[in-house]
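K.L.:
sequence first, then the predicted structure, then my questions.
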Amino acid sequence: MNIFSVLSMGKSRLHETSMSAMLGYLLNPYQDHGLGNKFLIEFLKIVPSTEFIPYINKIQNGEYRVEIGLEVGYKYEVTKRYDIDIQIKILNSDNDELHRILIENKIKVMAAQEKQLKKYYDVVKSEILKEELTTKLSVIFLTPKTENQAITNEYSSLDIQDKSWLYWYSQNPENLTIVKLIQEMLISEQKAEISPINEYIRHTLKAFAHFISYHVGENKTRIYEDLGEINNKIQINLDSEEYTVIKRESGQIQIFDTEEKQLEARPILRQYIESIDELNNKAKEISIRRLFGLTTRDYGNIIFQSVSTY
């Protein structure tokens, strides 16, 4: 049984937040997976950036520590908020922050927004400067292997040197991927090059790699297709902007601007819900029962279920 495939059956989906949560869990040395900092170290090794090389030995021997954050929020222009999918902070023994790594995860190519990566970088950089920190800042773009122009444009819009593009999976063995990282960790364990991985985590790693290979690889978009006719549609207003929110028969939630351009739904829906006390309280009630937080579908359902009450 592959638990990740099971969770994607029927009307369920593993969304970007779920995939980010699983990756963030593996990257966090202080979680209960028993891997310690092995996964984090191997991840830093595959990132094509010399910026991380000086940290690896010091993290391994405990001289430096890391903080892993999921959906880390940054305020922008008072009313707006940007959420970083995964954030890694590297700190020295004096608790000084040396490096901040932002990971922007894309599962669906249609979620690409040309300036989004640049906006995220600019907002975080601005906060670092405001706090008068000397922290270095890097960005990792994690996507399916694709030739999609919108994804390419989003990465290209960030004109900095310390950025890297990784893939979840690729058939090309030379590409840097999460699946390849997992596979090489398992091979290293077989060769006794690293300490043993417990049986449950070994099985989970295999299941996760297989799920990624099948569902998030090249041209693998089946579980993310827009299925079903429109079941419901409402208009919402946020920061003087109007959006159309659509719910399909499959339960999938989509959002469009006034020019009928499809946008990444989750951050807009979340910000809208947070602006209305009744809906925000409902979201908090649900979130405490969820391991991976609320999905786009959760946020959409909260809005559609409450539309007659506000």
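P.N.:
Ah, there it is.

K.L.:
who are the packing partners of the helix or strand bottoming out on mean pLDDT in the chain?
P.N.:
Least confident helix or strand of the chain, by mean pLDDT, DSSP states H and E, is helix 3-6 with a mean of 73. With contacts taken as 3 or more Cβ pairs under 8 Å, 6 or more residues apart in numbering; DSSP states H and E, helix 3-6 sits against helix 199-215. Heads up, the C-betas are built off the backbone N, CA and C, glycines and all.

K.L.:
how far away from the center of its chain is the helix or strand that the helix it packs on is followed by?
P.N.:
Going down the chain from helix 199-215, the next helix or strand is strand 230-238, by DSSP states H and E. Centroid separation between strand 230-238 and its chain, computed with Cα atoms, centre = their mean, to the nearest Å, is 25 Å.

K.L.:
contacts for strand 230-238, please.
P.N.:
242-249, 268, 271-272, 275, 303-304, 307 (Cβ atoms under 8 Å, 6 or more residues apart in numbering).

K.L.:
can you map out the strands along the stretch 151-300 of the chain?
P.N.:
Under the criterion DSSP state E, counting those that start in this stretch, strands of the stretch 151-300 of the chain are mapped to 163-167, 230-238, 241-248, 253-256, 262-263.

K.L.:
these: lowest mean pLDDT?
P.N.:
Note on the strands of the stretch 151-300 of the chain: strand 262-263 shows the lowest mean pLDDT, a mean of 80.

K.L.:
now the nearest residue to residue 114 once chain neighbours are set aside: how far from residue 208?
P.N.:
Leaving aside its sequence neighbours, residue 114 sits nearest to residue 153 (Cβ to Cβ, 6 or more residues apart in numbering; 4.6 Å). To residue 208, residue 153 is 29 Å away according to Cβ to Cβ, to the nearest Å.

K.L.:
one more: residue 306?
P.N.:
35 Å.

K.L.:
please say which of the two ends up with more neighbours.
P.N.:
residue 208 (20 against 14; other Cβ atoms under 10 Å).

K.L.:
for residue 119, see how far away the more buried one is.
P.N.:
30 Å.

K.L.:
go on, residue 88?
P.N.:
Residue 88 is 20 Å from residue 119, by Cβ to Cβ.

K.L.:
neighbour count winner among the two?
P.N.:
Ranked by neighbour count (other Cβ under 10 Å), residue 88 and residue 119 place residue 88 first, with 23 against 16.

K.L.:
how about the secondary structure of that one?
P.N.:
Put simply, residue 88 is strand when judged by DSSP: H, G, I helix; E, B strand; the rest coil.

K.L.:
burial count for the spatially closest residue to it that is not a sequence neighbour?
P.N.:
Computed as Cβ to Cβ, 6+ apart, the closest residue to residue 88 that is not its neighbour in sequence is residue 101, at 4.1 Å. Counted with other Cβ under 10 Å, the neighbours of residue 101 add up to 26.

K.L.:
okay, buried residues for the least confident helix or strand of the chain please.
P.N.:
By 16 or more other Cβ atoms under 10 Å, the buried positions in helix 3-6 come out as residue 4.
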